[in-house]
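Visitor: Here is my input, please return the structure:
(2 chains)
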Amino acid sequence: MNSNVSLNKEKLKVLIPILLFPVGILLYLNLEKITDLLIYSLIGLTPKTPLTSAIWFFVFEVPKVLLLLTVIVFVVGIIRSYFSPERTRKILGGKKLFAGNILASMLGIVTPFCSCSAIPLFLGFIESGVPLGVTFSFLIAAPMINEVALVLLFGLFGWKTALLYMSTGLLIAIISGYVIGKLKLERYVESWVYEVKAGHLESDKEKISFTNRINAGIDAVIEIVNKVWIYIVVGIAVGAGIHGYVPENFMASFMGKSAWWSVPAAVLLGVPMYSNAAGIIPIVQALLEKGASLGTVLAFMMGVIGLSLPETIILRKVLKLRLIFIFVGIVAVGIIIVGYLFNLIY
Amino acid sequence: MIVKVLGAGCKKCSTLEENVKKVINENQIDAVVEKVTDIQEFIKYGILSTPALIIDEKVVSYGTVPSNVKLLEWLKKGN
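Guide: Numbers count the residues shown, from 1 in each chain, chains lettered A, B, ... in the order given. Purely as a prediction, here's the structure:
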């Protein structure tokens, strides 16, 4: 009896997301109409005023982004249940430079990662023979290309920009890691790192059932959406204000193409800002509309998300200061190049 | 029985510690809970993702906060 009940409960947990999925899609596709209905017919605001356009933007974007976020985080949560840092380490062990860098960067996207586990991860990778440069490719890609950033880019800028961000992020991770590997900087890793003797996990971990993977997806949604929704709402609110009230082309003079210094300035400004992509991207999107150029905006975002001060401070435990500077320098140069490149193309 | 919770200050790590203590108290299991925060210790167990749970020197989970039902199952087995 009891086992029957719990079995049904398990089934229900799988069913809920499957049933909610079409509802979400329907809502997403009709969001523009619903917003129009709400703003113009129900509340009766006059179209084309700055206030209405700001409110419209807010009412439309918040549910849109939250819907997208829920779906993507759920899917990513399931995908990530197939990967673990322990497994990634096994795959990367003894890999050569370049091929290893490519693999590490891609695994960086799908392996669950939080900056609080950057140190055990670094130690574990180095100890089991993952080359330093390959380890760095992983450490660069993992925070830079994350699902929250991709969702926001996709939702607010469209799939092209999201893809662009992902591929240039990958490129930066691959090349920076490769360069760090080629420079042979092992001597700038704190020496105790090489003395750590790691145990190896016997892989008698139980096989994860599909229900458990669905659960992992649900858990990821609860955890991440809980953490970032407030930043998204505030970010979109600020974005809505800019959208409605800041004049067109306002940003062109200092974040436009013609200002050559805007790209490095954007990176310099971005690095010490530890935000969450969640709050920054909606603001950046609004700036882009007011004449900032895509390359500058992209560089700013990568600076904020990919190079965070707290993470580099954490890494100080295992890296000598010089290596930290080299690491930050190489990645920053990579981001700046990407910024100029996109300003040139678009 | 010695139960170790491995974790260096992430939120999930303290959640796991609380849950483990709760399950032990509620079911009157004879166990000592230790919180391990030294990263070098993690590596010795082969752990890269925290929080991890170790019962009598055997790694039972890592990288997640298992459900209380699972915790109870493991703790009972350990006893």
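Visitor: Could you list the residues of chain B in contact with chain A?
Guide: Neighbours of chain A within chain B, by CB under 8 Å from any CB of the partner chain: B:8-10, B:39-40, B:42-50, B:59, B:62-64. Where C-beta positions appear, they are placed from N, C-alpha and C, glycine not excepted.
Visitor: Tell me how many other residues crowd residue 43.
Guide: Using chain A. Neighbours of residue A:43 under the rule other CB atoms under 10 Å in any protein chain shown: 11.
Visitor: hm, I was asking about chain B
Guide: The local packing of residue B:43 (other CB under 10 Å) involves 22 other residues.
Visitor: In chain B, where is pLDDT below threshold?
Guide: Where chain B drops to pLDDT under 70, the residues are B:79.
Visitor: Secondary structure class of the spatially most central residue of it, three-state.
Guide: Taking CA atoms, centre = their mean, the centroid of chain B lies closest to residue B:53, which sits 2.9 Å from it. Taking DSSP: H, G, I helix; E, B strand; the rest coil as the rule, one finds residue B:53 in the strand state.
Visitor: check contacts around it.
Guide: The contact partners of residue B:53, by CB atoms under 8 Å, 6 or more residues apart in numbering or on different chains, come to B:3-6, B:16, B:20, B:59-62, B:66, B:71, B:74.
Visitor: Next, the buried residues of the longest helix along chain A.
Guide: Assignment by DSSP state H gives helix A:210-245 as the longest helix of chain A. Residues of helix A:210-245 classed as buried by neighbour count (16 or more other CB atoms under 10 Å in any protein chain shown): A:212-221, A:224-225, A:228-229, A:231-233, A:235-244.
Visitor: buried ones in the very next helix or strand once past it?
Guide: Scanning forward in sequence from helix A:210-245 by DSSP states H and E, the next helix or strand is helix A:252-255. By neighbour count on 16+ other CB under 10 Å, the buried set for helix A:252-255 is residue A:255.
Visitor: coming back round to it: ok, and which of the buried residues of helix A:210-245 reach chain B?
Guide: Answer for the buried residues of helix A:210-245 near chain B (CB under 8 Å from any CB): A:216, A:219.
Visitor: re the thing from before, which residues does the residue nearest to the centre of chain B form a beta bridge with?
Guide: Residue B:53 has these beta-bridge partners by DSSP bridges: residue B:5, residue B:61.
Visitor: rewinding a little: out of the residues of chain B next to chain A, which are buried?
Guide: B:8, B:10, B:39, B:42-43, B:45-50, B:59, B:62-64.
Visitor: Nearest to residue A:43, out of these: which one, please.
Guide: Residue A:43 has its nearest neighbour among those in residue B:10, at 43.4 Å by CB to CB.
Visitor: Who's the closest spatial neighbour of the closest one, skipping the chain neighbours?
Guide: residue A:116 (4.0 Å; CB to CB, 6 or more residues apart in numbering or on different chains).
Visitor: who's in contact with the one you found?
Guide: Residue A:116 sits next to A:314, B:8-10, B:50 when contact means CB under 8 Å, 6+ apart.
Visitor: Could you identify the most distant pair in the residues you listed?
Guide: Pairwise distances across these peak at 13.3 Å for A:314 and B:50 (criterion: CB to CB).
Visitor: Of the residues of chain B next to chain A, which belong to helices?
Guide: Judged by DSSP H, helices contain the following of the residues of chain B next to chain A: B:39-40, B:42-44.
Visitor: was I right about residue A:295 contacting residue A:339?
Guide: Yes: with contact defined as CB atoms under 8 Å, residue A:295 counts as touching residue A:339 (4.3 Å).
Visitor: who's more crowded, the two?
Guide: Neighbour comparison, residue A:295 and residue A:339: the larger count goes to residue A:339, with 27 against 24 (by other CB under 10 Å).
Visitor: Figure out the helix or strand that the residue nearest to that one when sequence neighbours are not counted lives in.
Guide: Nearest non-adjacent residue to residue A:339, counting by CB to CB, 6+ apart: residue A:299, 3.1 Å away. Using DSSP H and E, residue A:299 sits in helix A:294-306.
Visitor: So which elements touch the next helix or strand after that helix?
Guide: Sequence-wise, the next helix or strand downstream of helix A:294-306 (DSSP H and E) is helix A:309-315. Judged by 3 or more CB pairs under 8 Å, 6 or more residues apart in numbering or on different chains; DSSP states H and E, the packing partners of helix A:309-315 are helix A:118-127, helix A:321-345.
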